[in-house]
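Visitor: Sequence and predicted structure, then a few things I'm wondering about:
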Amino acid sequence: MTTVTHLECSVCGKQRDQGKAHNLCECGGPLLVRYDLNKARQSWNRDSIANGPCTMWRYAPVLPVSKPAAITSLGEGLTPLVETRRLGQRIGADGLWVKDEGVNPTGSFKARGLSCAISMCVELGIGKVAIPSAGNAASAMAAYAAAAGIEAHIFMPRDVPQANFIECKAFGAKVTLVDGLISDCGKMVAARKDAEGWFDVSTLKEPYRIEGKKTMGYEVAEQFQWKLPDVIFYPSGGGVGLIGMWKAFEEMEALGWIGSKRPKMIAVQSTGCAPMVRAFEEGKTHSEFWENAETIASGLRVPKALGDFLVLSAVRASGGTAIAVTDEEMLDAGIELASIEGIFAAPEGSACVAALKKLLASGFLKRDERIVIYNTGSGLKYLEAYSVRFPRVAANEQDKLGGLITPR
Ligand SMILES: Cc1ncc(COP(=O)(O)O)c(C=O)c1O
Ligand SMILES: [Zn+2]
């Protein structure tokens, strides 16, 4: 089982005991989970992983849960890595894959983080959780909380995709729709959590969601026979998936499973909310709050991320870049991917396809690089966004056209 040792602040380095509920360090820095990787190395090797469960829990020695009974799993992880040859040929990339996170429980990669976080809540005896969310994290938390018998309180923007709202309600969560963005939702959770006895499961404010997300990095290595790709495209809202994968690569190197070479990490955002792209271009270590954030990619509508400095430092260290695309480009790319590869991606995943085209055209990427795009969610969760491209005349309107109300 787990080889967890302690938690460590990502800013000041202060250590804390594992086995207690923690949010941020007193310096304001996010806490990261540390493991005894030497011990893991002795008792576990990469060839034995295939004998583990067909979920992200096959990496249990580098996940924080110590009591197996606490694991709350709905089958998350071990998602397909689909080689997309037809798209690659069309856009000039010889080796192109899509890691399809849309097939996770609740239709997004958020299942990984919330499976891990809710499992830790079970282990630590936490009975009430609260989350500010751009949408998909809320759906995932509501599902895992339901599976664990934990009370879930959701705060999300009033205009989240309908799928997110309906899922949360169906899973029995208490839903508050907020006239604002995830940042406003975060303030509401922070203001009420002590009085209500809620554990705050905001991403990076609790240390375990990132641990679930990092398994996207372990998996891509396993699926490529422990040779990392040259380039990874990741749609970055909070950017925690990217930070998580970067952490996974460090851990795998310490385990002796991979060398020191890293993929170029490409953080993709929307032109309607691109705080990290702006900070990257200006050479800054931290981003600034993005005013009036607006995009159909609801998961990218994060005006200021707590872990921005970790994303920016990983992107720079990797020799990657940060790039923004428009909503129109996302829809075009999403429909292109769907129509020639059979993968119906969330606009966040589609944004990566649009960004890839730009970086191939500019020469930043070469056609012989091995490129992986993370499609972080299913297009099925974004029917309102895609329906703009496929309008249907309402049935009752068509009936009126002929002046007759008859079956057609
Ligand atoms: C589909 C989708 N993709 C990407 C993201 C961004 O996630 P991260 O915090 O890892 O940047 C989200 C977050 O809500 C999302 O729902
Ligand atoms: Zn600290």
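Guide: That came in fine, so what should we check first? Ligands and ions are numbered 1, 2, ... in the order given.

Visitor: could you give the mean pLDDT of stretch 1-13?
Guide: Computed over stretch 1-13, the mean pLDDT rounds to 96.

Visitor: how about it: buried residues?
Guide: If you call a residue buried by 16 or more other Cβ atoms under 10 Å, then stretch 1-13 has these buried ones: 2-4, 7-10. In this view, the C-beta of every residue, glycine as well, is placed from N, C-alpha and C.

Visitor: Report the contact partners of residue 208.
Guide: Counting by Cβ atoms under 8 Å, 6 or more residues apart in numbering, residue 208 touches 33, 64, 113, 116-117, 119-120.

Visitor: can I get those residues in CSV with pLDDT, secondary structure and distance to ligand 1?
Guide: Below are the contacts of residue 208 laid out as CSV (pLDDT from 0 to 100; DSSP: H, G, I helix; E, B strand; the rest coil; distance: Cβ to the nearest ligand atom, whole Å):
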residue, pLDDT, secondary structure, distance to ligand 1
33, 97, strand, 17
64, 98, coil, 18
113, 98, helix, 8
116, 98, helix, 14
117, 98, helix, 13
119, 98, helix, 19
120, 98, helix, 18
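
Visitor: Which PyMOL command selects the buried ones in these?
Guide: Buried residues among those (16+ other Cβ under 10 Å), as a PyMOL selection:
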select buried, resi 33+64+113+116+117+119+120
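
Visitor: Make JSON lines out of the contacts of residue 208 and add distance to residue 219.
Guide: Shown next, in JSON lines, are the contacts of residue 208 (distance: Cβ to Cβ, whole Å):
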{"residue": "33", "distance to residue 219": "18"}
{"residue": "64", "distance to residue 219": "18"}
{"residue": "113", "distance to residue 219": "14"}
{"residue": "116", "distance to residue 219": "14"}
{"residue": "117", "distance to residue 219": "19"}
{"residue": "119", "distance to residue 219": "18"}
{"residue": "120", "distance to residue 219": "20"}
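
Visitor: And the contacts of residue 208, which is closest to ligand 2?
Guide: Closest approach between the contacts of residue 208 and ligand 2, by Cβ to the ion: residue 33, at 14.6 Å.

Visitor: Just give the nearest non-adjacent residue to the closest one, would you?
Guide: residue 64 (5.0 Å; Cβ to Cβ, 6 or more residues apart in numbering).

Visitor: so who does that neighbour touch?
Guide: Counting by Cβ under 8 Å, 6+ apart, residue 64 has contacts 2, 4, 18, 33, 116, 120, 207-208, 211.

Visitor: Residue 268 now?
Guide: Residue 268 makes contacts with 233-236, 322-325, 348, 351-352, 355, as judged by Cβ under 8 Å, 6+ apart.

Visitor: Quickly find the element holding it.
Guide: Element membership for residue 268 (DSSP states H and E) is strand 264-270.

Visitor: next helix or strand past that strand?
Guide: Counting by DSSP H and E, the element after strand 264-270 in chain order, helix or strand, is helix 275-281.

Visitor: what's next to that next one, contact-wise?
Guide: So helix 275-281 is contacted by 236, 239, 267, 269, 285-290, 302-305, 308, 311-312, 315-316, 321-324 (Cβ under 8 Å, 6+ apart).

Visitor: 7 Å - rerun?
Guide: The contact list for helix 275-281 (Cβ atoms under 7 Å, 6 or more residues apart in numbering) reads 236, 239, 267, 269, 286-288, 290, 303-304, 308, 311-312, 315, 321-324.

Visitor: Tell me which residues touch the residue of the chain found nearest ligand 1, please.
Guide: Proximity of the chain to ligand 1 (Cβ to the nearest ligand atom) peaks at residue 299, 2.3 Å away. Neighbouring residues of residue 299 by Cβ under 7 Å, 6+ apart: 134-136, 235, 237, 348, 376-377.

Visitor: And the furthest pair within the residues you listed?
Guide: 135 and 235 (13.3 Å; Cβ to Cβ).

Visitor: higher neighbour count, those two?
Guide: Comparing residue 135 with residue 235 by other Cβ atoms under 10 Å, the one with more neighbours is residue 235, at 32 against 29.

Visitor: Does the more buried one touch residue 346 like I think?
Guide: No - under the criterion of Cβ atoms under 7 Å, residue 235 makes no contact with residue 346, lying 8.2 Å away.

Visitor: Could you list the low-pLDDT ranges of this structure?
Guide: Counting by pLDDT under 70, the chain has low-confidence residues at 395-408.

Visitor: Which residues of it lie near ligand 1?
Guide: By Cβ under 6 Å from any ligand atom, the part of the chain that sits against ligand 1 consists of 108, 110, 134-137, 203, 235-241, 299, 346, 348, 376-377.

Visitor: Filter those down to the ones in helices?
Guide: 110, 136-137, 240-241, 348 (DSSP state H).

Visitor: Neighbour count added to those residues, as CSV?
Guide: Converted to CSV, those look like this (neighbours: other Cβ atoms under 10 Å):
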residue, neighbour count
110, 33
136, 32
137, 31
240, 28
241, 30
348, 32
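
Visitor: Span of stretch 125-140 from start to end?
Guide: Terminal residues of stretch 125-140 lie 20 Å apart, using Cα to Cα, to the nearest Å.

Visitor: nearest residue to the closest residue to ligand 2 within the stretch 101-250 of the chain other than its sequence neighbours?
Guide: Residue nearest to ligand 2 within the stretch 101-250 of the chain: residue 207 (12.2 Å; Cβ to the ion). Residue nearest to residue 207 in three dimensions, not counting chain neighbours: residue 31, with 4.3 Å by Cβ to Cβ, 6+ apart.
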